[in-house]
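Participant: Predicted structure and sequence below. I'll ask about it afterward.
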Amino acid sequence: MSNKNINIALIGNPNVGKTSVFNQLTGLNQQVGNYPGITVEKKIGFCKLPNNIKANVLDLPGTYSLNASSIDENVVIELLLNKNDKLYPDVALVVTDVENLKRNLLLFTQIKDLEIPTILVINMADRMKHKGISLNISYLEEQLKTKIALVSSRKGLGIEDLKNLIVNYKTLSCEPCLNASSIDSIYFDNLRKAFPNQLLYKLWLVITQDVNFLNLDRNEIRSSFTKSHSDLKRLQQKETIKRYQFINDILKEGLTIDTSIAKDFRSKLDRVLTHKIWGYVIFFMILFVIFQSIFDWSSVPMDFIDGTFASLSSLASESLPPGVLTNLISQGIIPGIGGILIFIPQIAFLFLFISILEESGYMSRVVFLMDKIMSKFGLSGKSVVPLISGTACAIPAIMATRNIENWKERLITILVTPFTTCSARLPVYAIIIALVIPDTHVFGILNLQGLTLMLLYLLGFGMALLSAYMLNKIVKIKGKTFFIIEMPNYKLPLFKNVAINVLEKTKAFVYGAGKIILAISIILWFLGSYGPGKNFNNAEAILSSKTENNTLSQAELENKIAAYKLEHSYIGIMGKSIEPAISPLGYDWKIGIAIISSFAAREVFVGTLATIYSVGGNGNEDTIKNKMGAEINPISGHKIFNFASGISLLLFYAFALQCASTIAITKKETNSWKWPLGQFIFMSGLAYTVALIAYQILK
Amino acid sequence: MRTTINSLKIGQKAIIKDFDIDVIPLKLLEMGCLPGNRVELLQIAPFGDPLYLDVNGSHLAIRIETAREIEVEFIKNNL
């Protein structure tokens, strides 16, 4: 293979179906990673083109223009300015929506100024007839100095034609389609004379943007061509007007809309979905359905996974030769993996609902509906998106705050988002609710366990809002409150897009969390199976010699020995040492171990208990749930997981910030240790206090 | 008196005249909010804020405090 793969970059405004085009070109041949040093998602796919040509397709973050206002948008500019980047595109595909062509072409004209071979992809072409739109393609191609591909990524139309255009990318014109420098000829002439070897538009971007551009000495350009901030902005406005004039002129010829055909489905739906009463009723009904169904629908596959791993574990211990390695596999690794995989159903359902809400365009209506209310709490309407997607995971949720324009609103959103009930809390809630809340129905239809879960979600949201309200009073940051949100057209979510999204997110969760959980499970197994000193090593002798044990059967004695060993193992000693701090909350030292280990990640809780109980528990109980339910406090004789300690644990997990990744992302996004540390101390202190009060009242 | 976007009624159309460039974010300009372009108020959120607009064919929502900065001229409905 002497031919190198060609690089394709997909560029476009948000909501133009760019990701659908990407999915059409690449199918499931995708890799999702991060750009080095920053947590912007980097999606690369592979695509086979005619004539045996292969291509790498890069799906760049959506952006309205090349004037970046967030680090996601910065990624686009940095790539397009850096010819040495190994993903620098041989050809750029600017994806546009036929119904928003005017606005979408602004970005196109900027890309053309970078003199990259560019294809204009006009998406959603299947809607043209319905909307009464007709295009003069040859006129537009001539004026825009490009080739146009009319596609419908929803219906898979025009993709082959697009591939043929890509193959012939060398014949594309690299000329700009308008002369933007005429907005201030003297200034730009001087700029051109000073740096004759550089592209004028690149220089202009370097002057106006905060980008790292390797080949140019930015300070040199800036010092001799500096202008005041407001002068630069005035020039940028002139540039924008100039570009729109050009676009308006050519669309007058190239695009006609027969308005009598267009039906106004959107405004009718808008009227209902943003109605002052119905809008909220519908929103809360959707939330209610999501949370009820997650608990109900996931329980069957979750029980199945739980049971499967329990029998796998006993199968391994029976069929493998006895020894340390077998113990590690059957008691450490298999329960550990089971503890990860059991979350898959609930996480997949959550990501499914969230991506449907995003894909359909409904999320923007929620933002519109909630902005005024959220602003009372120092948040933005856009904070709704992080708060809702925080129910899946706080990490992407905190990244989703990047489109909040105002820094104070954004900071408060970042700080309170970890209160929302993320999917890692779900398994903890699920197992404790199953143990301490009766499985009955109230008012005939509502499942009491489902209702408890919903209350915990509401508690998370409530605490997020309350903390936001307090932070809004405390944090003193001044800034203009800009708020702009695009209200996209309603779309029926595409099965393929939703499915790929759910698959990617679930995979990332399983691999990311899986590594931590597996490692911790193995360490825990080791700490639980070995111990220092006489008490651990001579457990059999010590217990057998006691006269009160003579009446016990062989099996009962073995259980007692195992429990004694666990208590004197390394982990037992660690747990015992923190017991004074947690026993007022109703926890024993085994739960203490689970809490300590889940400060790395909450979801470790269930796996830890599974590992501890399979090391020390009696062998008759099979699933994690049954093992936990059978635990008895040796002093009081009550169940360890009773109503009071269960509620106390639920509240502790609702509020404590037990997630190393959240702390890391808060550090990254706020660029300081002050905020994540404050967040950690506040949340964990609150968790301890509330759990303590709850247990003391209920016990 | 200065007429600004927030004084439009639902369904009313106007032409954008002028605004102070320093208080309007660039992003709004890029979405088509420029002098000479047409704006229509489509919806007002419950509690009176934000405003849902059609600016030059783009559908977007902005807060009243921003809308107050953008001067417009009504288009007479019965031309």
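Facilitator: Alright, I've got the coordinates. Numbers count the residues shown, from 1 in each chain, chains lettered A, B, ... in the order given.

Participant: Could you use CA atoms for every contact and neighbour count after this?
Facilitator: Will do.

Participant: number of nearby residues for whichever residue of chain B sits closest to chain A?
Facilitator: Nearest to chain A, among the residues of chain B, is residue B:60, at 4.2 Å (CA to the nearest CA). Residues lying near residue B:60 (other CA atoms under 10 Å in any protein chain shown) number 20.

Participant: helices or strands next to the helix or strand it falls within in the packing?
Facilitator: Secondary-structure element containing residue B:60, defined by DSSP states H and E: strand B:58-62. On a contact count with 3 or more CA pairs under 8 Å, 6 or more residues apart in numbering or on different chains; DSSP states H and E, strand B:58-62 meets strand A:484-486, strand B:51-55.

Participant: Just the buried positions in it, please.
Facilitator: In terms of neighbour count (16 or more other CA atoms under 10 Å in any protein chain shown), strand B:58-62 has its buried residues at B:58-62.

Participant: Pairing partners for it, with directions?
Facilitator: According to DSSP bridges, strand B:58-62 has the following sheet partners: strand A:484-486 (antiparallel), strand B:51-55 (antiparallel).

Participant: Can you lay out the helices and strands packed on strand B:58-62 as TSV showing mean pLDDT?
Facilitator: Output for the helices and strands packed on strand B:58-62, formatted as TSV (pLDDT from 0 to 100):
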stretch	mean pLDDT
strand A:484-486	90
strand B:51-55	93
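
Participant: I'd like to know which of the ones you listed is closest to residue A:653.
Facilitator: With CA to CA as the measure, strand A:484-486 is the member of the helices and strands packed on strand B:58-62 nearest residue A:653 (34.3 Å).

Participant: Mind checking the pLDDT average for stretch A:606-620?
Facilitator: Summarised as a single mean, pLDDT over stretch A:606-620 is 62.

Participant: can you check stretch A:165-175 too?
Facilitator: If you average the pLDDT over stretch A:165-175, you get 90.

Participant: now stretch A:374-394
Facilitator: Averaged over stretch A:374-394, pLDDT sits at 87.

Participant: Return the residues of chain A in contact with chain B.
Facilitator: Residues of chain A found near chain B (CA under 8 Å from any CA of the partner chain) are A:64-65, A:100, A:102-103, A:106, A:230, A:233-234, A:236-237, A:240-241, A:244, A:271, A:274-276, A:368-369, A:371-372, A:482-488.

Participant: re the thing from before, select, out of the strands paired with strand B:58-62, the one closest to residue A:320.
Facilitator: Distance to residue A:320, taken as CA to CA, is lowest for strand A:484-486 among the strands paired with strand B:58-62, at 60.1 Å.

Participant: quick one, phi psi at the nearest residue to residue A:452 once chain neighbours are set aside?
Facilitator: Leaving aside its chain neighbours, residue A:452 sits nearest to residue A:433 (7.6 Å; criterion: CA to CA, 6 or more residues apart in numbering or on different chains). For residue A:433, the backbone dihedrals (degrees, to the nearest 10) come out as phi -60, psi -40.

Participant: What's the local residue count around residue 11?
Facilitator: Using chain A. Neighbours of residue A:11 (other CA under 10 Å): 26.

Participant: could you do chain B instead?
Facilitator: Counted by other CA under 10 Å, the residues lying close to residue B:11 total 11.

Participant: Helix or strand with the lowest mean pLDDT in chain B?
Facilitator: helix B:26-30 (a mean of 88; mean pLDDT, DSSP states H and E).

Participant: Which strands or helices does it pack on?
Facilitator: Using 3+ CA pairs under 8 Å, 6+ apart: helix B:26-30 touches helix A:229-254.

Participant: next SSE after the helix it packs on?
Facilitator: Once helix A:229-254 ends, the next helix or strand along the chain (criterion: DSSP H and E) is strand A:255-257.

Participant: buried set for that following strand?
Facilitator: residue A:255.

Participant: go on, stretch A:151-166?
Facilitator: For stretch A:151-166, burial by neighbour count (16+ other CA under 10 Å) applies to A:151-154, A:157-159, A:162-163, A:165-166.

Participant: any idea which of those residues is least confident?
Facilitator: residue A:154 (86).

Participant: and residue A:249, how many neighbours?
Facilitator: Counted with other CA under 10 Å, residues neighbouring residue A:249 total 11.

Participant: Name the residue most distant from the centre of chain A?
Facilitator: When distances are taken from the C-alpha mean of chain A, residue A:547 lies farthest, 59.2 Å away, according to CA atoms, centre = their mean.

Participant: so who does that one touch?
Facilitator: For residue A:547, the contact set (CA atoms under 8 Å, 6 or more residues apart in numbering or on different chains) is empty.

Participant: Next, work out how far apart it and residue A:103 are.
Facilitator: Distance, residue A:547 to residue A:103, using CA to CA, to the nearest Å: 88 Å.
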